[in-house]
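[1] What follows is a predicted structure for the sequence shown.
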Amino acid sequence: FWYTRSTEDFAHADQLLEQTTRFWLSNALSARDWASSWISSSFASFAPGLYRLAFERDTVAYYVHLSGLKTTYLSEGRSDFRPLDLLQWRTGADLDDAQARAKGAWVHHMLRVRLGTEAYLNAIEDFVGSSRGDMVESVQFLERLNLYADSPLDAFFDQWVYEAGHPIVQASIAHDASASTVTVRIEQTQEGYMIPPVFDFPVTIAAQSLFESSEVVQLFDARSIEASLPAAIRPRYVLVDGMQEVLMELTVDQPLIAWAAQARYATMAPAQLQAIEQFSGALDDPALVIALRQAWQQASRDDIRARLVAAAIRLSPSADAANLLSEWFERANVDSQQSIIDRIATYPQGPTRAALLAKALQQPDPRVIARAVYHLLPEQVDSQLWESALISESPGDVIRRTAIALFTEQQLSYLTETDIERTIRLMSRPGVAVDIRTRMIVRLGPYEAQRSAVRASLISYAQDPDPRIRAAAVAVMMRSEDRTIIS
């Protein structure tokens, strides 16, 4: 599968590849106990990014995938950080969580960095091939990886597999103009049950200015370390693990303008994504809108722009934020457009909000239009909006189904005489799907006794050529208390 089909062949390639990998591994290997089940779960989550990197040579997509996994891990797993290999659980399904899937995928990423991509792939292939049909556990995985590593990975497994958490790193920067140096002090601050006070790993620290750049690699094997780099002027920004080789939460004591410069001028995708992640710590800074706009202008890929959208939708509602989302809407991909619609719909009523939702109805993708209908229909801002949605010729009736689903959820008091007449008129239009007509018939049922137009419509549909429409109409009439209509 990996070698014969491009992910571009599928609309949801990453999800398909993850589930295919999970199915493949579950048939090839069986965990000896639930504690070792992370091996297959983590690799399945890692697989979409690995495919992009190893077979499509798309480094940016690889790191975008990792960025999404990191967000998942920190948001879903924060309430209960645990070791990947854990012998205590209530049900085995408890271990198929964000720790196993997202943190575990990052463990595979860090193993790939340590071994090199080719050696890592060979180790995985060897592990699966030599253990096919057997019961496996974490220690066997470690033993196989050690055959391909320059140095034993036992200490790595102790910290990242058998213990919990991840490094929480704080960095401070001091520039000495007289000595033409910049000193970067980084400290690990994580604490908690089964969380190591110190994670040992090499860290790359770099200083970037307009005219020079410098870099140093140090072993981060203590609670805090310092690094001095040459810098005649204060750096434009400082990179700590700019290539994102290690799963960590990072805080760098530098202003928003530095993160904006990193997002705009960094040449490598990991450093750009790292800066975008840091924007979440400046949501109350009025300058963030400017920083996001500049980063957007520099972004040339949909996946990078999608991460910018994810940051922008966290902004507090304001005219500037609404204008920003409106500016981005046309160039955003379909998933990001839906996120923008969901977010803008929570903003107070205003011209920008109304214009963006109206613009969404003109998009070619039915999923985007359906999302706009979802938010506009309850407001009834313009009867033409959902009327046009109901008679849309969109593929698969996506828009019509969304509109009628919302219509059928309306409170009875919302249906005015005009609503009822419009609904009856729409039901007679060509191109309206049968299941939509039947649901509309059922929805109009309670009004049969009070509205002659509804009664006439039901009688007409009781003679429709389609048996499903006839059945719906007859079922509604049979519930009527009017014996005349039943006869």
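    Thanks, I have it. Numbers count the residues shown, from 1 in each chain.

[2] For the closest residue to residue 466 other than its chain neighbours, grab the count of nearby residues.
    Excluding its sequence neighbours, the residue lying closest to residue 466 (C-beta to C-beta, 6 or more residues apart in numbering) is residue 434, at 5.6 Å. Where you see a C-beta, it was placed from the backbone N, CA and C, and this is true even at glycine. Neighbour count for residue 434, taken as other C-beta atoms under 10 Å: 14.

[3] And the strands in the stretch 101-250 of the chain?
    Assigned by DSSP state E, counting those that start in this stretch, the strands in the stretch 101-250 of the chain fall at 135-136, 168-176, 181-188, 201-208, 213-220, 224-230, 237-240, 249-252.

[4] Tabulate the ones you listed (JSON lines), appending distance to residue 33.
    Listed next are the strands of the stretch 101-250 of the chain as JSON lines, based on distance: least, C-beta to C-beta, whole Å:
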{"stretch": "strand 135-136", "distance to residue 33": "9"}
{"stretch": "strand 168-176", "distance to residue 33": "30"}
{"stretch": "strand 181-188", "distance to residue 33": "31"}
{"stretch": "strand 201-208", "distance to residue 33": "29"}
{"stretch": "strand 213-220", "distance to residue 33": "33"}
{"stretch": "strand 224-230", "distance to residue 33": "38"}
{"stretch": "strand 237-240", "distance to residue 33": "38"}
{"stretch": "strand 249-252", "distance to residue 33": "30"}
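
[5] so which of the ones you listed gets nearest residue 114?
    strand 201-208 (9.4 Å; C-beta to C-beta).

[6] for the residue nearest to residue 466, what are its contacts?
    466, 468-469 (C-beta atoms under 8 Å, 6 or more residues apart in numbering).

[7] Please tabulate those in JSON lines, including the columns distance to residue 176 and pLDDT.
    Output for the contacts of residue 434, formatted as JSON lines (distance: C-beta to C-beta, whole Å; pLDDT from 0 to 100):
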{"residue": "466", "distance to residue 176": "82", "pLDDT": "84"}
{"residue": "468", "distance to residue 176": "80", "pLDDT": "83"}
{"residue": "469", "distance to residue 176": "82", "pLDDT": "82"}
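
[8] Please indicate which of these are buried?
    Neighbour counting with 16 or more other C-beta atoms under 10 Å marks residue 469 as buried within the contacts of residue 434.

[9] where are the low-confidence patches of the chain?
    1-13, 23, 25-28, 89-94, 376-433, 435-436, 439, 443, 445-451, 481-487 (pLDDT under 70).

[10] List the contacts of residue 232.
    177, 180, 209, 211-212 are the contacts of residue 232 under C-beta under 8 Å, 6+ apart.

[11] try 6 Å this time
    Applying C-beta atoms under 6 Å, 6 or more residues apart in numbering, we find residue 232 in contact with residue 180.

[12] just use 50 as the starting number from now, easier for me
    Will do, 50 is the new start, and the previous item becomes residue 281.

[13] What is the burial count for the closest residue to residue 350 other than its chain neighbours?
    Distances taken as C-beta to C-beta, 6+ apart put residue 109 closest to residue 350, at 5.9 Å, once the chain neighbours are dropped. Residue crowding around residue 109 was assessed by other C-beta under 10 Å; the count is 18.

[14] Repeat that for the one 4 residues further on.
    Under the neighbour criterion other C-beta under 10 Å, residue 113 is assigned a count of 23.

[15] for residue 353, same thing?
    Neighbour number of residue 353 under other C-beta under 10 Å is 23.

[16] Nearest the geometric middle of this protein, what residue?
    For the chain, the residue nearest the mean C-alpha position is residue 117 (5.7 Å; C-alpha atoms, centre = their mean).
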